[in-house]
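1. when you get a sec, could you give me coordinates for this:
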Amino acid sequence: MEKPETQQPFLYYIKLSVLVLIIAFYLYLPGVQNFVTSGIFYLHHRDFDGLRLFILSYGIWAPVTSVALMTLQSIVPLVPGLIITLTNAWIFGWKFGALYSWAGALLGATLDFGVARWYGRPVVEHFLNIKYLKYLDWMDTFFKRHGVLTIFITRLTPVVPFKVISYGAGLTAISLPQFSIATAVGQTPAIVLYSILGQNLTHNVFSLITVTSLLIIAGAVAFYYRKTIERYLLSNKGGK
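-> Below is the predicted model of the structure:
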């Protein structure tokens, strides 16, 4: 078995190689570069029509494109995933739209979690806009107090930015399976409700505020009964 001292340099070179490979893909593959720059442009400018045409331009690969876009936005500061959720429902209907958004959001969250777990807090702070750093400090304290339940509750309430939760979890001792399950379950209500709005093209502020308010209430109720939920989960685990 290798000693930790010999493992550290090897792991460092692996991490560096992954970064170099990603940069090379972006710089030397025009298709990848165009996908990233165009996708971010439409998302950043909240251009629903442009985003819809961009996704549909990939033909039979449109579902894969929407999932890839949702995954991509997770690591880009100030680019909201809600835009993709609404657009997916507009294109594919709320059921398939919700499925693609759900899959992309889960992949993106896992990517953020992996970045934080592998590269640490200094790299995470470079990915986050400076105004989000205060959320990261708050999440550190919240994770220490409530553990994996924090992920489930914060996924219900679209107040704390999605990517901050993922990065914050990656900096804790929470395992990837725990993180993935809590994210997969916790994000479902929001994605389904916003997808129903997207299918009906109700991108108006009142509808979004109504749904967001309902999700905040659900999160508050879950937080209020967090001890009961924790006891239930622990009792089920113990009964297996």
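2. give me the contact list for stretch 166-174.
-> 74, 108-117, 120-121, 124, 127-128, 135-136, 139-140, 143-144, 147-148, 150-151, 179, 183 (CB atoms under 8 Å, 6 or more residues apart in numbering). In this view, the C-beta of every residue, glycine as well, is placed from N, C-alpha and C.
3. if you set the cut-off to 6 Å instead, what comes out?
-> Contact partners of stretch 166-174, identified using CB atoms under 6 Å, 6 or more residues apart in numbering, comprise 109, 112-113, 116-117, 121, 124, 136, 139, 143, 148, 151, 179.
4. for residue 112, give me its contacts.
-> For residue 112, the contact set (CB under 6 Å, 6+ apart) comprises 74, 163, 166, 167.
5. which stretches of this structure aren't confidently modelled?
-> 1-8, 10-13, 77-78, 126-135, 137-138, 146, 158-160, 201-214, 216, 218-240 (pLDDT under 70).
6. ok so, going back, from the contacts of stretch 166-174, pick the one nearest residue 14.
-> For the contacts of stretch 166-174, the minimum distance to residue 14 (CB to CB) is 13.7 Å, reached by residue 117.
7. what about the closest one, how many neighbours?
-> 18 (other CB atoms under 10 Å).
8. next, count neighbours for the nearest residue to residue 170 once chain neighbours are set aside.
-> Leaving aside its chain neighbours, residue 170 sits nearest to residue 116 (2.6 Å; criterion: CB to CB, 6 or more residues apart in numbering). For residue 116, the number of neighbouring residues by other CB under 10 Å comes to 22.
9. cool, and residue 105?
-> 27.
10. tell me the secondary structure for it?
-> For residue 105, the assignment made with DSSP: H, G, I helix; E, B strand; the rest coil gives helix.
11. how far away is it from residue 121?
-> As for residue 105, its distance to residue 121 is 23 Å (criterion: CB to CB, to the nearest Å).
12. then residue 19?
-> For residue 19 relative to residue 121 (CB to CB), the value is 17 Å.
13. these two - which one has more neighbours?
-> Neighbours around residue 19 and residue 121, counted as other CB under 10 Å, are more numerous at residue 121. The numbers are 14 against 11.
14. first-to-last residue distance for stretch 182-191?
-> Its first and final residues considered, stretch 182-191 spans 14 Å by CA to CA, to the nearest Å.
15. which ones are touching residue 98?
-> For residue 98, counting by CB under 6 Å, 6+ apart, the contacting residues are 191, 192, 195.
16. in terms of helices and strands, where is it?
-> Applying DSSP states H and E as the criterion places residue 98 in helix 82-119.
17. show me what counts as buried in that helix.
-> 82-92, 94, 96-113, 115-117, 119 (16 or more other CB atoms under 10 Å).
18. apart from its neighbours in sequence, what residue is nearest residue 92?
-> Nearest to residue 92 is residue 100, by CB to CB, 6+ apart, at 6.5 Å.
19. which residues touch the closest residue to residue 88 other than its chain neighbours?
-> Distances taken as CB to CB, 6+ apart put residue 97 closest to residue 88, at 3.7 Å, once the chain neighbours are dropped. Going by CB under 6 Å, 6+ apart, residue 97 touches 88, 89, 195.
20. quick one: the residue lying closest to the second one once chain neighbours are set aside and residue 215, what's the gap?
-> Of all residues not flanking residue 89 in the chain, residue 198 sits nearest, at 3.0 Å (CB to CB, 6+ apart). From residue 198 over to residue 215 the distance is 15 Å, taken as CB to CB.
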